[in-house]
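Trainee: have a look at this prediction, sequence included:
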Amino acid sequence: MASHFQLLTKDGTGARRGRLSTLHGTIETPIFMPVGTQGTVKAVTPAHLRDVGAQVILGNTYHLNLRPGSALVRELGGLHRFMGWDGPILTDSGGFQVFSLSKLRDVRDDGVAFQSHLDGASLFLGPREVMGIQADLGSDIAMVLDECPPWPVERGPCALACARSLRWAKACRQVAVDSGFLASGRHVFAIVQGSTYDDLRREAAEALSALDFPGYAVGGVSVGEPEPEMLKQVAATTSFLPEDKPRYAMGLGTPPQLLRMIALGVDMFDCVLPTRVARNGLAFTPHGPINLRNERFRTDPAPVVEGAANYTCRNFSRAYLRHLFLSGEMLGGTLVTIHNLHFFLDLMAQARAHIEAGDFGSWHLSWIRTYEGAQA
RNA sequence: GGUGGAGUUGAGCAGUGGCCGCUCCGGAGACUGUAAAUCUCCCGCUUCACAGCACCGUUGGUUCGAAUCCAACCUCCACCA
């Protein structure tokens, strides 16, 4: 039986060109995955997502289980049908909410007791619950439950979080085996924690690798650490992950960070950055981000990026987008989200082409120079 | 002509003797497995400062001190002739 992941090419830098099969389609890597926490990538429709080249999107166990509830989603045909997206869906386990909702949860050895941020109701998420919910949602790639520690964190608590995360990963995998989740062609990815402690990351990566998961993620980044620290942690993790499995850096990153991590051998990324900042008027360009609310764009007839092949840049000026944001019109968020997602996804397409062409190393450095050099 | 009400540094308002003004508009920044179409800062002037100087329709007065109290006047609004 063919593996679900094919490593097609490896560049001299460590960059990988791969192909990941799922029940809802094939994913060409490296890839960026738009985040759709609550069963929607905020401000855009599935048609927009297809149009900008999205291959796989995210959903969230914690949020969807609170509302509308995983049982309802299952009854209505699963998350794909519920939200009208028939491509692959990766679901996060709720492990990140251990970090982001740290005031509303209690981490125990058997799982995490949350107090709902919506109405205060109690909600327990252990390995069994998390895998059950992700099965109900019909996830193509389920993430194991993990404990995402904050930054900075002392070594002691970090080691404990790693130990717990390892136990939960084993338990999640067992549930996925017993329930037939894995046998049905769905995947479960493990998550490596360890914060800034290289030896803890190595230990976690090796222990999880021994369990033969279909994929591996770098967790515990994008929690407020400085960029060099973040890249160091990713590098300290990927070196100890199996070559023949997809690697996913969770919650990252900016365009230059994505390219640098591709060079570190990462295949998959997700980040709220392009969609969140889009709703706040920030658009990405090859020369760095621009804030469309700025007065300097008041009369600017140019598109966000000249010649960009997305609906927003083909049809609207910076001056119009500025007008939408100053007027508080929701279309502004939609149009810039379309642009930003296309920008990220097109960057990944370029990266894939350059890995295939064998010049990713020089190309990505030059791209980053342009991005960080001049003003748009 | 009469009576009543109102004038607060872009707009709308609060402010009845000394000390925060508030909301918009406008300017800028932040945002990284989404408690975010959100949040923060600035928004009279000065070599942009924990400094100085203004300003509350106008003029004058009372007072140690006035947007605030007094007088006259100006403008606007409502109603009555």
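Mentor: Sure, I can see it.

Trainee: distance check, the residue nearest to residue A:373 when sequence neighbours are not counted against RNA strand B.
Mentor: Nearest-residue entry for residue A:373: residue A:287, 7.3 Å, with adjacent residues in sequence omitted and distances by CB to CB, 6 or more residues apart in numbering. From N, CA and C alone the C-beta is placed, and that goes for glycine too. Here residue A:287 is placed at a distance of 14 Å from RNA strand B (CB to the nearest atom of the strand, to the nearest Å).

Trainee: try residue A:62
Mentor: The value you get for residue A:62 to RNA strand B, if CB to the nearest atom of the strand is used, is 8 Å.

Trainee: on that earlier part again, so the residue nearest to residue A:373 is in which element?
Mentor: Per DSSP states H and E, residue A:287 falls between elements, in no helix or strand.

Trainee: now it: how far from residue A:372?
Mentor: Separation of residue A:287 from residue A:372 (CB to CB, to the nearest Å): 9 Å.

Trainee: got it, and residue A:137?
Mentor: Taken as CB to CB, the span from residue A:137 to residue A:372 is 39 Å.

Trainee: residue A:306 too?
Mentor: Noted for residue A:306: a distance of 20 Å to residue A:372, by CB to CB.

Trainee: what do you get for residue A:185?
Mentor: Distance of residue A:185 to residue A:372, given as CB to CB: 42 Å.

Trainee: check the stretch 1-150 of chain A for the residue nearest RNA strand B and tell me.
Mentor: Nearest residue of the stretch 1-150 of chain A to RNA strand B (CB to the nearest atom of the strand) works out as residue A:148 at 2.5 Å.

Trainee: what pairs with the residue sitting nearest the centre point of chain A across the strands?
Mentor: For chain A, residue A:270 is the residue whose C-alpha lies nearest the centre (CA atoms, centre = their mean; 1.7 Å). In this structure, residue A:270 bridges to residue A:33 when assessed by DSSP bridges.

Trainee: wait, what's in contact with it?
Mentor: A:32, A:33, A:34, A:35, A:58, A:90, A:248, A:250, A:251, A:252 (CB atoms under 8 Å, 6 or more residues apart in numbering).

Trainee: with residue A:147 instead?
Mentor: A:95, A:98, A:107, A:112, A:161, A:164, A:165, A:168, A:193.

Trainee: then the fifth one would be within a helix, right?
Mentor: Yes. Counting by DSSP: H, G, I helix; E, B strand; the rest coil, residue A:161 is located in a helix.

Trainee: could you report the neighbour count for residue A:68?
Mentor: 13 (other CB atoms under 10 Å).

Trainee: same question but for residue A:135, I mixed them up
Mentor: 21.

Trainee: now residue A:153
Mentor: Neighbour count for residue A:153, taken as other CB under 10 Å: 19.

Trainee: once you drop chain neighbours, what's closest to it?
Mentor: residue A:195 (5.1 Å).
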